[in-house]
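Need the 3D shape of this:
(chains A, B, C and D)
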2 protein chains.
Amino acid sequence: MKTVPHRTVGRFTLYWHILKDLEQEQTHVYSHFLASKARLTAAQVRRDLMVLGYSGTPARGYDVRKLLDHIEAFLFPSTEQRIAIAGVGNIGRALLKFFAGRQPMLRIAASFEVNPEKYDRMVLGCPCYSIDNAGSVIRELGITVGIIAVPDKEAQFVANLFVAAGIKGIINFARTPLQAPPDVYVEDIDLARSMDKVAYFARQSLKSDSMMISKESHK
Amino acid sequence: MKTVPHRTVGRFTLYWHILKDLEQEQTHVYSHFLASKARLTAAQVRRDLMVLGYSGTPARGYDVRKLLDHIEAFLFPSTEQRIAIAGVGNIGRALLKFFAGRQPMLRIAASFEVNPEKYDRMVLGCPCYSIDNAGSVIRELGITVGIIAVPDKEAQFVANLFVAAGIKGIINFARTPLQAPPDVYVEDIDLARSMDKVAYFARQSLKSDSMMISKESHK
DNA sequence: TGAGCATTGTGAAACAATTCACATTAAATT
DNA sequence: AATTTAATGTGAATTGTTTCACAATGCTCA
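Numbers count the residues shown, from 1 in each chain, chains lettered A, B, ... in the order given. From the prediction side, this is the model:
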């Protein structure tokens, strides 16, 4: 069993979404069509689809329904997979709303808080527990994925709780990079980093714009 | 002028943050210390710092204050760089709160909405305009970065407005990959994709766990 | 039926990012 | 002053990802 490239896994969700929209309208699709929708090259799409073990046919492309089936078999859990979220502040609540009912097999089953005013009741349709009970709740509900949306200072503490309780994947919105054992997959979503990066490349682009203008004016 | 690796730019924010915390406590720092905090290797940290044109000294490492200066010179805009955000729903408002006062040289100067109940007033300390005025507001305020936090269907429309108004960097929270000219840097933050990816690798990790247990029991 | 065509699947090449490995260096120690 | 030590900076190797390029395929149309 060879390991699937991380980027490829990330793109399957994208393909799924594009295909789902397409399903009504057409039965077949070409790699170059998917590529243009996904802002990729046709070769990359075909490369990605190789890992599914499903082949299209020349001249007809891929059967939309069959491709969806294969992506779903790859990407969707076969039994319900549960998620917990720590922190129901700004970001936590935005996420609860965002994921509500998105994918039935992948469900936020619990949230955790330190603030007693918030826990031991439902928050946006999701039961909220004290962070002190995280270990037992995670184990009882068989939760495998954790989202960290707490202040930076508490992020590592929560991550430790998650790991100790057997969670195998973490999405981290805190700016602190988390220490975690290698069998736990950590995805950092750092808005400050994204912001600084985009701002940097926007400046570069502006700079080369103005350089081109000055070049132009020298002619 | 050689181009800086994208990932490296992303990591400078991280280093900055770590160094800022450190500044009080110590004047010098080693690459392996930064690496452990950032969950990277020492070689990678040194490789990244090479692009700053600042060298540490053997046996003493890097001067924390000087390193901060160099990172700031690289990463922070020298004059105020302005950001606009389209959509002040869940995610939009969470972002407005998140970025409020984070970095004075990089400021969200305007927000846009289609909903007349929301625009033409302040939203979380930021003036909110009708999306119809986006072009002129962006040009007048000299905004160079745009955040797209509108529903998927409207994302491309907003992106087109942004690009036409001269924006050079976009952070896109919609699931639609955006069509944009190559001189516009687009960073997609797709929560659904991150979620599916983390869930996938969490399952893989669980699987290899249980395989190891069954292997164990075969002994 | 068969020629023409546009597409697939994939080995190989190219490119990007990371890690290795080690010569060099400055401080600390003897 | 010489030796030891533990860093740095970086060429080269490695790893990971994307793109190229083309043989093979199956549909269309004469």
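
same for the particular helix or strand that has A:Ile171 in it, what does it pack against?
Using DSSP states H and E, A:Ile171 maps to strand A:169-172. In this structure, strand A:169-172 packs against strand A:143-148, helix A:152-164, strand A:185-188, helix B:191-218, with contacts taken as 3 or more C-beta pairs under 8 Å, 6 or more residues apart in numbering or on different chains; DSSP states H and E. In this view, the C-beta of every residue, glycine as well, is placed from N, C-alpha and C.

how about these, which one is nearest A:Ala42?
Of all these, it is helix B:191-218 that lies closest to A:Ala42, at 20.5 Å by C-beta to C-beta.

how about the closest one against chain A, any contact?
Yes. Using C-beta under 8 Å from any C-beta of the partner chain, helix B:191-218 reaches chain A at B:191-203, B:205-206, B:208-209.

what comes into contact with stretch A:189-207?
The contact list for stretch A:189-207, computed with C-beta atoms under 8 Å, 6 or more residues apart in numbering or on different chains, reads A:171-173, A:175, B:6, B:9-14, B:17, B:75, B:77, B:81, B:83, B:95, B:98-99, B:102-103, B:106, B:144-145, B:167-171, B:183-185, B:187, B:189, B:191, B:194.

among these, which are within reach of DNA strand D?
Checked against DNA strand D using C-beta under 7 Å from any atom of the strand, the contacts of stretch A:189-207 yield no neighbours at all.

Sort out which of those are buried, if you could.
Those of those that meet the buried threshold are A:171-173, A:175, B:9-14, B:17, B:75, B:77, B:81, B:83, B:95, B:99, B:103, B:106, B:144-145, B:167-171, B:184-185, B:187, B:189, B:191, B:194, by 16 or more other C-beta atoms under 10 Å in any protein chain shown.

Under the pLDDT cut-off, which ranges of chain A? List them.
For chain A, the stretches with pLDDT under 70 are A:1, A:212-219.

Give me the domain ranges for it.
Here the domain parsing of chain A from automatic domain parsing is A:6-73, A:81-188.

Could you tell me the end-to-end distance of the longest one?
In this case it means domain A:81-188. 20 Å (C-alpha to C-alpha, to the nearest Å).

just how off-centre is it within its chain?
In terms of C-alpha atoms, centre = their mean, to the nearest Å, the centre of domain A:81-188 is set 14 Å apart from its chain centre.

Kindly report the same for the shortest one.
The chain centroid and the centroid of domain A:6-73 are separated by 18 Å, computed with C-alpha atoms, centre = their mean.

Check whether that domain comes near chain B.
Yes. Domain A:6-73 is in contact with chain B by C-beta under 8 Å from any C-beta, via A:6, A:9-14, A:17, A:37-39.

Please, which helix or strand holds the residue positioned nearest the centre of chain A?
Nearest residue to the geometric centre of chain A (C-alpha atoms, centre = their mean): A:Gly10, 7.3 Å. Using DSSP H and E, the element containing A:Gly10 is helix A:6-22.

Remind me what that helix packs against, helices and strands.
By 3+ C-beta pairs under 8 Å, 6+ apart, helix A:6-22 packs against helix A:31-38, helix A:42-50, helix A:64-75, helix B:191-218.

Can you pull up the residues of chain A that come close to DNA strand C?
Going by C-beta under 7 Å from any atom of the strand, the residues of chain A near DNA strand C are A:30-32, A:42-43, A:46-47, A:49-50, A:54-59, A:61-62.

Give me the buried entries from those residues.
Among the residues of chain A next to DNA strand C, those scoring as buried are A:30-31, A:46, A:49, A:54, A:56, A:61-62 (criterion: 16+ other C-beta under 10 Å).

Which of those sits closest to DNA strand D?
Checking those against DNA strand D with C-beta to the nearest atom of the strand, the nearest one is A:Arg46 at 7.1 Å.

any idea how far A:Cys126 is from A:Ala149?
Separation of A:Cys126 from A:Ala149 (C-beta to C-beta, to the nearest Å): 13 Å.

for A:His17, same thing?
24 Å.
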